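J.: model this:
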Amino acid sequence: MKKQFTIPMPARYLTNTALLVLFLVVGQLVMGSLSGGNRNTIIQVGFFIILAVSLNLSTGYLGQLPLGHAGFMAVGAYTGALFWRSGMLPGYASVAAGLFLAGVVAAIFGVIIGLPALRLRGDYLAIITLGFGEIIRVLINNMPEITNGAMGLQLFQHRYATFLVVYICVIITCVTIHMMMKSRHGRAILSIRENEIAAESCGLNTTYYKVLAFAMSAFFAGVAGALFAANVGFLTPGEFDFMMSINILMIVVLGGMGSMAGSIIAAAVLTTLPVVMQFMAQWRMVIFALLLIVVMIFRPSGLLGTYDFSLSRILERFIRWITAGKTQKGGDSSGKA
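T.: Got it, this is the predicted structure:
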């Protein structure tokens with residue numbers, strides 16, 4: 001049997017890195033030729049990829065059902081905005097520090113909320129996390145001396161959410177969560193999803209791993225919130241309501257709970273589809289909702305289910321397809337001769 005072509009493991013990492021760098025370079029070149037509205041849509045896709053992939057960590061991989069993701073996004077958005085308004089650091093140092101600080105503060109809130117909330121399961125966890133998300137929004141609304149309350153917080157010189165900054169954060173988010181899920185911590189998280197009682201009987205500290213996944217999910221939601229703040233430049237608490245959490249959860253469910261690739265594809269589709277269907281005026285949201293219903297009827301596990309792929313494996317299959325085509329042509333020509 002002929003051995004199939006495979007990329008060695010060290011070369012696999014180099015290949016993935018090269019493909020990601022190529023994506024950033026090509027994307028930056030393409031962004032220069034797009035209109036302002038299209039550029040903004042592509043940047044919004046980046047926000048929702050980070051939000052969906054991070055929520056997938058606690059829903060698809062951990063098997064819980066939190067509904068307060070918009071709360072962590074709000075914490076990150078206001079933390080980043082307040083830091084950038086202070087002008088403590090210049091240029092890209094300020095961007096990096098603001099994003100990291102936003103993620104850390106959101107992760108702290110994730111630990112505070114996760115410790116009591118993750119003792120519950122299913123619908124009870126959904127209700128309590130929904131309540132915490134609303135509490136965060138109400139607190140922001142009632143602290144005008146810090147957040148300017150319902151009047152909104154203006155972020156001056158806010159154009160930090162460029163294509164490169166947003167999609168570097170997307171890559172960092174996806175790579176970090178992917179590496180975590182391939183480690184022993186990831187295997188422990190998956191075992192909790194499959195059978196929490198069996199995981200505890202094997203000696204796993206299920207509370208630790210639940211809070212770890214929840215805190216990491218909150219960290220990246222905070223980063224996405226800071227990027228959102230840097231893009232819009234004006235924050236109001238109403239932007240982080242219950243429907244924002246539902247929209248993020250809808251992306252995860254549509255893409256497939258437990259599939260990072262599914263979350264990426266669903267985030268891109270659900271963010272761009274309403275923009276593409278603008279010519280349908282008031283009917284576009286009806287058609288959009290019907291498309292979601294049809295997908296859920298015929299693909300109840302989501303677009304990709306729990307399937308994931310890597311860039312290097314796609315390249316491997318492409319090379320195999322090319323070489324197989326050449327081999328077949330060579331065989332046909334030799335047969336004719």
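J.: Counting neighbours, which bits of stretch 141-161 end up buried?
T.: When burial is assessed from 16 or more other Cβ atoms under 10 Å, stretch 141-161 yields the following buried residues: 147-148, 153, 155, 158, 160-161. Yep, even glycine has a C-beta here, placed from its N, CA and C like the rest.
J.: again, but for stretch 238-258
T.: 239-240, 244-245, 247-258.
J.: host element of Val286?
T.: helix 284-298 (DSSP states H and E).
J.: Now tell me what touches that helix from outside.
T.: 250, 253-254, 273-274, 277-278, 280, 303 (Cβ atoms under 8 Å, 6 or more residues apart in numbering).
J.: one more time with 6 Å
T.: Outside of helix 284-298, the residues that reach it under the criterion Cβ atoms under 6 Å, 6 or more residues apart in numbering are 274, 277.
J.: Now it: average pLDDT?
T.: Mean per-residue pLDDT for helix 284-298: 78.
J.: just stretch 64-78 next, same as before
T.: Per-region confidence: stretch 64-78 scores 90 on mean pLDDT.
J.: which residues sit against it?
T.: With Cβ under 6 Å, 6+ apart as the contact definition, stretch 64-78 has outside contacts at 55, 58, 102, 105-106, 109, 125-126, 129-130, 132-133, 136, 147, 218, 221-222, 224-226, 228-229, 235, 240, 244-245, 248.
J.: next one: stretch 245-263
T.: Outside of stretch 245-263, the residues within contact range by Cβ under 6 Å, 6+ apart are 51-53, 55-56, 59-61, 67, 69-70, 133, 265-267, 270, 302-309.
J.: Would you work out how far apart the start and end of it are?
T.: As for stretch 245-263, its first-to-last residue distance stands at 15 Å under the measure Cα to Cα, to the nearest Å.
J.: So what's the gap between it and the chain middle?
T.: Counting by Cα atoms, centre = their mean, to the nearest Å, stretch 245-263 is centred 9 Å from the centre of its parent chain.
J.: and the gap between the residue nearest the centre of the chain and Val223?
T.: Within the chain, one residue has its C-alpha closest to the average C-alpha position: by Cα atoms, centre = their mean, that is Ile50, at 2.5 Å. In this view, Ile50 and Val223 are 6 Å apart by Cβ to Cβ, to the nearest Å.
J.: Quick check: mean pLDDT of the host helix or strand of Ala18?
T.: Following DSSP H and E, the helix or strand that holds Ala18 is helix 9-31. Averaging pLDDT along helix 9-31 yields 78.
J.: With stretch 249-264 instead?
T.: Looking at stretch 249-264 alone, the average pLDDT works out to 88.
J.: before we move on, back to that, compile the buried residues of stretch 141-161 into TSV and extend it with columns for pLDDT, secondary structure and distance to Ser201.
T.: Conversion of those to TSV gives the following (pLDDT from 0 to 100; DSSP: H, G, I helix; E, B strand; the rest coil; distance: Cβ to Cβ, whole Å):
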residue	pLDDT	secondary structure	distance to Ser201
Thr147	85	helix	46
Asn148	83	coil	51
Leu153	85	strand	49
Leu155	76	coil	50
His158	61	coil	51
Tyr160	73	coil	48
Ala161	74	coil	46
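J.: from those residues, which single one is nearest Leu89?
T.: Tyr160 (11.8 Å; Cβ to Cβ).
J.: which residue packs closest to the closest one, ignoring adjacent ones?
T.: Ala230 (4.0 Å; Cβ to Cβ, 6 or more residues apart in numbering).
J.: Identify the farthest-apart pair in the buried residues of stretch 238-258.
T.: For the buried residues of stretch 238-258, with distances taken as Cβ to Cβ, the pair at the greatest spread is Glu239 and Gly258 (28.5 Å).
J.: mind listing which of the contacts of stretch 64-78 are in strands?
T.: Using DSSP state E, the members of those that fall within strands are Leu235.
J.: which residues of the stretch 201-337 of the chain score low on pLDDT?
T.: 281, 284, 309-337 (pLDDT under 70).
J.: Could you pull out the helices in it for me?
T.: Taking DSSP state H, counting those that start in this stretch as the criterion, the stretch 201-337 of the chain contains helices spanning 206-232, 242-255, 260-276, 284-298, 311-336.
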